[in-house]
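Engineer: Could you look at this predicted model? Sequence included:
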Amino acid sequence: MPRIAILADIHGNLPALEAVMADLARVAPDEVIAAGDIVNRGPQSRECLQAVRAAGWTVLFGNHEEYVLKWAAGPLPGPDDNPDWWLPPVRVAQQLSAEELNYLAALPRAHVVALPGLPAIRVVHGSLRALNDGIGEWMSDDDLHAAVWSAPEPVVVGAHTHVPFSRRLDGRWALNSGAVGFPFNGNPAAQYLVLESSNGAWQADFRAVPYDRAPVYAAWERDEVLSRAVVARVFRLELETALPHLIRYERFCEQQGLNPTAADSFEHYRARHTSAAHPRPAAIQTPPAGES
Ligand SMILES: [Mn+2]
């Protein structure tokens, strides 16, 4: 009865990763695949990378590993070219050793699980098309064919959108594992996917492991990133609400003519999104490209 665990989008959230590791000890999978975005967003990227490597899992490349490597190679343009806007990935690039950066650069972009008598599974961070091309409920069957069902394997698991998803069609199956570190489906628990075999087929177990977020906030408070970079406060709001805010915040600032790197702009956004007059948006169903 093989059991495969697929977890992704840890994003530097060590307490969420540790909660999933404790749950994995109960699930006892035969193989674990960490499908990208181990680093950046949360306050403990290096600790998460080291924990994942020590666990001996299969690890895939995500778009946030790509951001960090791009930053390690030289500055990127940001809103108003304010250097603090990009502080979170810059700090990750600074904290990682040359060996760790080389490790990230060498990560594969896909992994195939092919076991005798069972449908083969392809695991990617986004889709077959790109690292930042996530799959989810909003897609038509034709979209899903272009994104994942054109793979040689009948089962494809992606991540990146931070929202769990499953759809079957004509013997093909597309799944999204959801996110360990920063879920965007309104449920703050650390989420991942277990595929378990039964009578020659796979069955999905979408797991959600509750954990205490207080140590994550405490780790952020110890780091100057939170005080210097408004974008880190946007990430903290994402963790608090289990909803995506980065692109929404950037759009809000553009519509209101506000500078996104100013603390007042974020307080204005936060007040609107936590007041009774502007209730929390529903869990995201149509993430724009690059949101995660
Ligand atoms: Mn991603």
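Structural biologist: Perfect, I can see it now.
Engineer: okay, now the residue nearest to residue 217 when sequence neighbours are not counted: neighbour count?
Structural biologist: In this structure, residue 217 finds its nearest non-sequential neighbour in residue 236, 7.0 Å apart by Cβ to Cβ, 6 or more residues apart in numbering. Every C-beta, even on glycine, is put in place using the N, C-alpha and C of the backbone. As a burial measure, residue 236 scores 21 neighbours (other Cβ atoms under 10 Å).
Engineer: Can you tell me how far residue 236 is from residue 162?
Structural biologist: Taking Cβ to Cβ, to the nearest Å as the measure, residue 236 falls 15 Å from residue 162.
Engineer: For this protein, give me the ranges with low pLDDT.
Structural biologist: Along the chain, the model assigns pLDDT under 70 to residues 76-81, 275-292.
Engineer: how much distance is there from the longest helix along it to the middle of the chain?
Structural biologist: For the chain, the longest helix by residue count, based on DSSP state H, is helix 14-27. How far helix 14-27 lies from its chain's middle: 16 Å, per Cα atoms, centre = their mean, to the nearest Å.
Engineer: If you count contacts, what does the helix or strand following that helix end up packed against?
Structural biologist: Under the assignment DSSP states H and E, the closest C-terminal helix or strand after helix 14-27 is strand 31-34. Judged by 3 or more Cβ pairs under 8 Å, 6 or more residues apart in numbering; DSSP states H and E, the packing partners of strand 31-34 are strand 3-7, strand 58-59, strand 110-113.
Engineer: Nearest to residue 41, out of these?
Structural biologist: strand 3-7 (15.4 Å; Cβ to Cβ).
Engineer: by how many degrees do that closest one and helix 14-27 diverge?
Structural biologist: 170 degrees (axes from the mean of the first three to the mean of the last three Cα atoms, to 10 degrees).
Engineer: Show me how the record splits this protein into domains.
Structural biologist: With domains defined by automatic domain parsing, the chain comprises 3-209, 214-274.
Engineer: How far does the first one sit from its chain's centre?
Structural biologist: It stands for domain 3-209. That offset, for domain 3-209, works out to 6 Å (Cα atoms, centre = their mean).
Engineer: what about residue 46, which SS state?
Structural biologist: Following DSSP: H, G, I helix; E, B strand; the rest coil, we place residue 46 in the helix state.
Engineer: So it sits against residue 95, correct?
Structural biologist: Yes: with contact defined as Cβ atoms under 8 Å, residue 46 counts as touching residue 95 (4.8 Å).
Engineer: The closest residue to residue 256 other than its chain neighbours and residue 168: what is the separation?
Structural biologist: Of all residues beyond its chain neighbours, the one nearest residue 256 is residue 268 (7.4 Å), with distances taken as Cβ to Cβ, 6+ apart. Remark: distance between residue 268 and residue 168 (Cβ to Cβ) = 44 Å.
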